[in-house]
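**Q** Sequence plus predicted model, see below.
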Amino acid sequence: MSEVNNAGPYTVTDGPFAGWLTWSRGADPFETHVGPFYFRKHTSGEIEAVFTPETHHCNGGGMIHGGMLMTFADFCLFAIAFDALGDDRALTVSCNSEFLGAAKPGTLIRGSGQVTRAAKSLIFVQGTLAQEGAPVLAFSGILKKLRLNLT
């Protein structure tokens with residue numbers, strides 16, 4: 001299971017992803033290590049998440065490792081559910097994936113999807129990762145909201 005630190009995302013202020021949001025600044029040490037990953041909300045309400053895979057994300061065949069795609073899919077679950085989560089922390093209860101194609105290093109991978117149901121304590125999400133318009137991974141997952149007593 002993965003848990004997101006409720007330090008909240010921050011807005012990137014420089015570089016090619018200026019204006020995008022990310023948690024990759026220590027709030028999630030693993031994502032900071034393997035990312036960075038970014039997301040933004042379009043005026044339509046759609047969430048888009050992105051990352052640029054590099055050669056250190058590759059498997060022995062020179063394509064992006066399936067575990068890396070699954071890690072990015074987990075990030076996408078939280079990005080897509082961002083509004084539904086509000087100020088709540090959450091953890092991943094389930095994350096399912098189906099590999100649809102190969103991804104290569106150096107070309108942006110985009111994640112998109114939707115919340116299919118937001119209940120009191122569970123959020124159900126589904127989405128797709130694509131590279132150059134071609135789907136590479138379909139995913140779905142369930143997030144469990146955590147209400148922490150901070151006193």
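**A** That came through fine. The shown structure was predicted, so the numbers you read here are calculated from the model rather than taken from an experiment.
**Q** mind listing what the strand ranked longest in the chain pairs with, with the direction of each?
**A** Determined from DSSP state E, the single longest strand within the chain is strand 134-146. Strands that pair with strand 134-146, judged by DSSP bridges, come out as strand 89-99 (antiparallel), strand 122-131 (antiparallel).
**Q** Out of those strands, the one nearest Gly67 is which?
**A** Proximity to Gly67 (CB to CB) singles out strand 89-99 among these, at 10.1 Å. Using the backbone N, CA and C atoms, a C-beta is placed for each residue, glycine as well.
**Q** Buried residues of that closest one, list them for me.
**A** Buried residues in strand 89-99, counted by 16 or more other CB atoms under 10 Å: 89-90, 92, 95, 97.
**Q** Which strand residues bridge Arg89?
**A** Per DSSP bridges, residues listed as beta-bridge partners of Arg89: Leu146.
**Q** Might you report the residue contacts of the nearest residue to Pro9 once chain neighbours are set aside?
**A** In space, and not counting its chain neighbours, Pro9 is closest to Leu21: 4.1 Å by CB to CB, 6 or more residues apart in numbering. Counting by CB atoms under 8 Å, 6 or more residues apart in numbering, Leu21 touches 9-12, 38-40, 79.
**Q** Output the contacting helices and strands for the top helix by length along the chain.
**A** In the chain, assigned by DSSP state H, the helix with the most residues is helix 66-80. Using 3 or more CB pairs under 8 Å, 6 or more residues apart in numbering; DSSP states H and E, the elements in contact with helix 66-80 are helix 29-34, strand 38-41, strand 47-51, strand 89-99, strand 109-118, strand 122-131, strand 134-146.
**Q** would JSON lines of the ones you listed with distance to His65 be doable?
**A** Shown next, in JSON lines, are the helices and strands packed on helix 66-80 (distance: least, CB to CB, whole Å):
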{"stretch": "helix 29-34", "distance to His65": "10"}
{"stretch": "strand 38-41", "distance to His65": "20"}
{"stretch": "strand 47-51", "distance to His65": "13"}
{"stretch": "strand 89-99", "distance to His65": "11"}
{"stretch": "strand 109-118", "distance to His65": "12"}
{"stretch": "strand 122-131", "distance to His65": "13"}
{"stretch": "strand 134-146", "distance to His65": "12"}
